[in-house]
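Enquirer: need coordinates for the following:
(chains A and B)
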Amino acid sequence: AYKRFSELLPKEERENAYSARVPKSQILTLPELRANPFQHRICHVFSTSETGDDSMSFEDFLDMLSVFSDSATSDIKSHYAFRIFDFDNDGILDRKDLEHLVNCLTGQGEESQLSGAEMEQLIQNILEESDIDKDGTINLSEFQHVVSRSPDFASSFKIVL
Amino acid sequence: MRSCWLRAPRRVWAGGRRPRGSLTPPSSPVPAAAAPRPRRARKRRHRRGAPASPAAMSGLGAAAGPAWQRDSGGLSLLAEEPHGAAPVDFLQELPSCQSARRRRGGTQECRPALLGTAGSRGDAARAETGELADRPAREHPKSMAEKRRIRDSQQADTEHLTRWKKWRRTSSKSLKKALTEVKGLSSYLVLWRHDIHSIEGKFGTGIQSYFSFLRFLVLLNFIIFILMFSFVTLPTIISKYGIFNSTIAYISPKNIDDTCTIYKPSGNKGLIYFYTYLKDLLSGTGFLEVTSLFYGYYSIDAVWISIMRYNLPLAYLLATFAYLTLSSLWIIKRSVEGFKQNLVHDADPFQSYCNKVFAGWDFCITDPNAARLKHRSLQYELQTDLQEEKLKQKIAERKMGEKLRIYSLRIFINIIVIAILSGCFYSIYRVTVFSQENSNDIGNVNSQVNLLVQYLPSMVITLANFIGPLIFAFLIRFEDYTPAFEIKLTLLRCVFVRLANIGVLLFSLWSQIAGCGSDKCKPCGYNYKLYPCWESDVGQEMYKLMIFDFIVILAVALFADFPRKLLVTHCSWKLVQWFGHKEFEISDNVLEIIYGQTICWIGTFFSPLLPAIATIKYFIIFYVKKIVLIHTRKPAARPIRASSSNFFFLVVLLIGLLLAFIPLGFSIARIPSSKACGPFRNFNTSWEVIPDTILQFPTGLQQILFGIASEAFAVPFFVILCIMMFYVIALARAHKRVVEQLREQLVLESRDKMFLIRKIAEAQRYP
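Expert: Prediction:
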């Protein structure tokens, strides 16, 4: 892992890779993240940068790998998945978050997005299935509850270097 | 916001984090320890300045969606409220929100505030350390710096414990570490780890599950082979070559007609053509018949190794039961793990929208092309599901006349399907009878036609397996089911065709062997003239099926897929382009290998080395399929999810195994074993070894065992089993009711909260 991280840094900074921060554009060149529609959110969530530029240090990189590894508990994975899917960072998944999420899944570009009516129906179904207290949003424990019943989550939410 | 910090500690007794709307009872601290604490250092700073945070606003705004307007009472009033600062502020000051944010607040802001309120700090710190000590630092969803802090605090804690507790804690930690090391190392030993990982990256987890399934079968067959080899073949070989001072004991058969014991396998003598070797290799006759591949080799009653007596017949039978039990247990274990069945909630976990959306994206995909395909397949899947839902609504609104028409059409098509199936079965029966009669004809033993005749049943079965699915796929379009159900039903029919074909083949073989028309079987109980050693014959048929199956898979890959790809890429005729690239049909491929595995299970009793052949076959098939996949196919437009496909493979495999029990049970228990060869010469049927052995046990044990097998035990056992099952079902129903009630209560609580907030906001505004 250290090797992969230091490859991302420009040559001069490789010696003190432990303390260096890699800018977001470099991180996104990793093959594992390149094709991922959630790449920006991942960088944002795992980055501890003070300036908010989403750069990642080696520790952040390790954090990310440990969450996405096979041995992370489903608790941790669902927690971070919730944060990744929460596009407006307000601690809950509301309709706009869900819409944004579905659009990320179906791909960028006009023809690959669902129509308005389909989106409405889909979000309605999702909320019906997962919103327990019927407040129109999904909070963390509802999310974790619905994900614990989802058999695909553990196998799809992982990155192996 | 100092007041909120004063309020928050009072809530800590409840156990810390209670997310909005959850219903954890106040007195239990356990749920809190399990709840992760989000870290939101930066978010807190951003939000401090905003008077009415738009995020929380959007929470309320979302509440003004259609879900709310449908509710009656106070809620609809809430939707009309101007979204002023008051309700939002209250939401932010709610204890559940506060405790969440306090955890999120992280290091910098929390500490000074907490230090300021001395009394509260003690509570907070106690609650924190109480939770922290429960889990290793790794399992906390925080950044690396905070995890280090947690680990240091945990270590500081352990200083205060007694020596015993300290030792226990350190030893458990080092044990866990050792276990994870071992697990990590053993993952390197896993077969084909890198290959499957690269397939996963390029094609997604659906196709990867197929290759993992193939790997599982290779391992299973290898273990079965080791089992049969070490318990059956090895003692026989040892005794035949006299190693370890071993000798063979032959017990002369009593009460058996001498004509039954004549058995001269046509081992090759004299001048032999190379062609004969090839023919024998392909059909299991000739020189192969006398090797340890087939049942006839094991014509031994007992093996003496120095002073120990090794009961070979008993070992043979018990090894058969052992490999069947091992297979079923392993398959059941694999299908249970990784599949969390929720019996309490009704929704189908595979088809739920949440599963598709939240767990939809495969984070393993590294290839941009594959990513594009995945996007498209996800879009297609979601659109299909939404359409299907609309279709279901339409179906529910069907009128009576339409329903009648559709049901009668379905019955008619099912009759057609049954007719086709009976046609298949009858043709297999006739072909098997024809092949058996003609290949035993001494006249044309060495002609080329003989080989064709011998392979006729295999060819007909493969043809039926190929045509059947095509017909079913064509017919089901008229039956007007929802698309998901169409797929399931077609698959079910294909599975049935494939497995039933094997059953019909075996049935026709038995009708030949035990079919006693005119006194043919009087002395021995079976047709001893044609089949002096009938188990070897059955073994040969299974062997032929397996070899032919292997040849067909290789031939299809070589002669159908590669030319097709060359044609489509280099030839631009409209017709050829319309044909298109072949998709990797997972279900067809899986049914193929399950068919092969069922043959292996049935055949291992009659041919103990068959699992070795199966292992080599699947090993080669893995590489062939991988090359075919990488070079020719494009991934299917219709995505298959890994979890549901894993479950589907294992369920069908289990059906195959259960279907394999039937012929084996029948031939072990019903059909008299051949008297001319094999370890069961001195018994009426193969099963008789066991009662015979039990009779040699001490009387007490005998009585116990016979008692267990008798009705006096079986009926009460069955009754008790039924009672337990009813109890468990009643328990599940009760739980379900409790869950429904809790859900309703949650909804009411949430409404109450909103109502109260609105009232307070009103009271504040108009004092």
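Enquirer: let me see the ranges of the helices in the stretch 501-650 of chain B.
Expert: Using DSSP state H, counting those that start in this stretch, the helices of the stretch 501-650 of chain B run over B:534-555, B:562-570, B:574-579, B:586-604, B:610-631, B:642-669.
Enquirer: can you pull out the strands in chain B?
Expert: All strands of chain B, identified by DSSP state E, fall at B:246-249, B:302-305, B:308-310.
Enquirer: turn those strands into TSV, columns for distance to B:Lys759, mean neighbour count and mean pLDDT.
Expert: Bear in mind the C-beta positions are built from the backbone N, C-alpha and C, glycine included. Listed next are those as TSV, based on distance: least, Cβ to Cβ, whole Å; neighbours: other Cβ atoms under 10 Å in any protein chain shown; pLDDT from 0 to 100:
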stretch	distance to B:Lys759	mean neighbour count	mean pLDDT
strand B:246-249	93	15	73
strand B:302-305	90	17	77
strand B:308-310	86	12	81
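Enquirer: out of the ones you listed, which is closest to chain A?
Expert: strand B:308-310 (44.9 Å; Cβ to the nearest Cβ).
Enquirer: remind me what the closest one packs against, helices and strands.
Expert: strand B:302-305 (3 or more Cβ pairs under 8 Å, 6 or more residues apart in numbering or on different chains; DSSP states H and E).
Enquirer: where's the closest residue to B:Leu659 other than its chain neighbours relative to chain A, distance?
Expert: Nearest in space to B:Leu659, with sequence neighbours left out and distances taken as Cβ to Cβ, 6 or more residues apart in numbering or on different chains, is B:Leu499 at 4.9 Å. Going from B:Leu499 to chain A by Cβ to the nearest Cβ, to the nearest Å gives 26 Å.
Enquirer: which ones are touching B:Leu499?
Expert: B:595, B:598, B:655-656, B:659 (Cβ atoms under 8 Å, 6 or more residues apart in numbering or on different chains).
Enquirer: what is the nearest of those to chain A?
Expert: B:Ile655 (20.5 Å).
Enquirer: surely the closest one touches B:Leu491?
Expert: No - between B:Ile655 and B:Leu491 there is no contact under Cβ atoms under 8 Å: 11.4 Å.
Enquirer: the residue in the stretch 401-550 of chain B that chain A sits nearest to: what's its closest spatial neighbour, skipping adjacent residues?
Expert: As assessed by Cβ to the nearest Cβ, chain A sits closest to B:Ala484 within the stretch 401-550 of chain B, at 15.0 Å. Leaving aside its chain neighbours, B:Ala484 sits nearest to B:Glu388 (6.4 Å; criterion: Cβ to Cβ, 6+ apart).
Enquirer: and the top helix by length along chain A, how far out from the chain's middle?
Expert: When chain A is parsed with DSSP state H, its longest helix is helix A:116-130. Relative to its parent chain, helix A:116-130 has a centroid offset of 21 Å by Cα atoms, centre = their mean, to the nearest Å.
Enquirer: what residues of that helix count as buried?
Expert: Residues A:118-123, A:125-127, A:129-130 are the ones in helix A:116-130 that count as buried (16 or more other Cβ atoms under 10 Å in any protein chain shown).
Enquirer: just checking, what packs against that helix?
Expert: helix A:95-106, helix A:140-148, helix B:353-358, helix B:368-396.
Enquirer: just name the most buried of the ones you listed.
Expert: Highest mean neighbour count of the helices and strands packed on helix A:116-130: helix B:353-358, a mean of 25 (counted as mean count of other Cβ atoms under 10 Å in any protein chain shown).
Enquirer: give me the contact list for it.
Expert: A:81, A:85, A:98, A:101-102, A:105, A:122, A:125-126, A:129-130, A:143, A:146-147, A:149-153, B:349, B:378, B:381-382, B:385, B:641.
Enquirer: go again with 6 Å.
Expert: Contact with helix B:353-358 is made by A:125-126, A:129-130, A:146-147, A:150, A:152, as judged by Cβ atoms under 6 Å, 6 or more residues apart in numbering or on different chains.
Enquirer: quick one: the helices in chain A?
Expert: A:2-8, A:24-27, A:31-34, A:39-46, A:58-68, A:74-85, A:95-106, A:116-130, A:140-148, A:153-156.
Enquirer: go through these and name the closest to B:Gly401.
Expert: helix A:116-130 (29.4 Å; Cβ to Cβ).
Enquirer: can you give me the angle that closest one makes with helix A:140-148?
Expert: Angle between the axes of helix A:116-130 and helix A:140-148 is 90 degrees (criterion: axes from the mean of the first three to the mean of the last three Cα atoms, to 10 degrees).
Enquirer: I'd like the average pLDDT over helix A:116-130.
Expert: For helix A:116-130, the mean pLDDT works out to 87.
Enquirer: next: stretch B:710-726.
Expert: 91.
Enquirer: what residues of it count as buried?
Expert: Buried residues in stretch B:710-726 (16+ other Cβ under 10 Å): none.
Enquirer: kindly export that stretch (C-alpha atoms) in PDB.
Expert: Extracted in PDB, the C-alpha atoms of stretch B:710-726 (Å, rounded to 0.1, in the frame of the first residue of the first chain):
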ATOM      1  CA  SER B 710     -37.900 -49.500  13.900                       C
ATOM      2  CA  GLU B 711     -41.200 -47.700  13.800                       C
ATOM      3  CA  ALA B 712     -41.500 -47.400  17.600                       C
ATOM      4  CA  PHE B 713     -38.700 -44.900  17.500                       C
ATOM      5  CA  ALA B 714     -39.300 -43.200  14.200                       C
ATOM      6  CA  VAL B 715     -42.900 -42.100  14.700                       C
ATOM      7  CA  PRO B 716     -42.400 -40.300  18.000                       C
ATOM      8  CA  PHE B 717     -39.200 -38.700  16.600                       C
ATOM      9  CA  PHE B 718     -41.200 -37.400  13.700                       C
ATOM     10  CA  VAL B 719     -43.900 -36.100  15.900                       C
ATOM     11  CA  ILE B 720     -41.400 -34.300  18.100                       C
ATOM     12  CA  LEU B 721     -39.800 -32.800  15.000                       C
ATOM     13  CA  CYS B 722     -43.100 -31.500  13.800                       C
ATOM     14  CA  ILE B 723     -43.800 -29.900  17.200                       C
ATOM     15  CA  MET B 724     -40.500 -28.200  17.200                       C
ATOM     16  CA  MET B 725     -41.100 -26.900  13.800                       C
ATOM     17  CA  PHE B 726     -44.500 -25.500  14.700                       C
END
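Enquirer: relative to the whole chain's centre, how far out is it?
Expert: Distance, centroid of stretch B:710-726 to centroid of chain: 30 Å (Cα atoms, centre = their mean).
Enquirer: ditto for stretch A:93-108
Expert: Worked out by Cα atoms, centre = their mean, stretch A:93-108 lies 12 Å from the chain centre.
Enquirer: what's the least confident helix or strand in chain A, going by average pLDDT?
Expert: Counting by mean pLDDT, DSSP states H and E, chain A has its least confident helix or strand at helix A:2-8, which shows a mean of 67.
Enquirer: nearest residue to the residue most central in space within chain A in space, please, no chain neighbours.
Expert: For chain A, the residue nearest the mean C-alpha position is A:Ile84 (3.5 Å; Cα atoms, centre = their mean). Nearest non-adjacent residue to A:Ile84, counting by Cβ to Cβ, 6+ apart: A:Arg41, 4.6 Å away.
Enquirer: quick one: that neighbour from A:Phe82, how far?
Expert: A:Arg41 sits at a distance of 11 Å from A:Phe82 (criterion: Cβ to Cβ, to the nearest Å).
Enquirer: of those two, who's got more company?
Expert: Remark: of A:Arg41 and A:Phe82, A:Phe82 carries more neighbours, 25 against 20, as counted by other Cβ atoms under 10 Å in any protein chain shown.
Enquirer: state the distance from that one to B:Val624.
Expert: Taking Cβ to Cβ as the measure, A:Phe82 falls 43 Å from B:Val624.
Enquirer: mind pulling up the pLDDT for the closest residue to A:Asp60 other than its chain neighbours?
Expert: Excluding its sequence neighbours, the residue lying closest to A:Asp60 (Cβ to Cβ, 6+ apart) is A:Phe46, at 5.0 Å. At A:Phe46, the model reports a pLDDT of 82.
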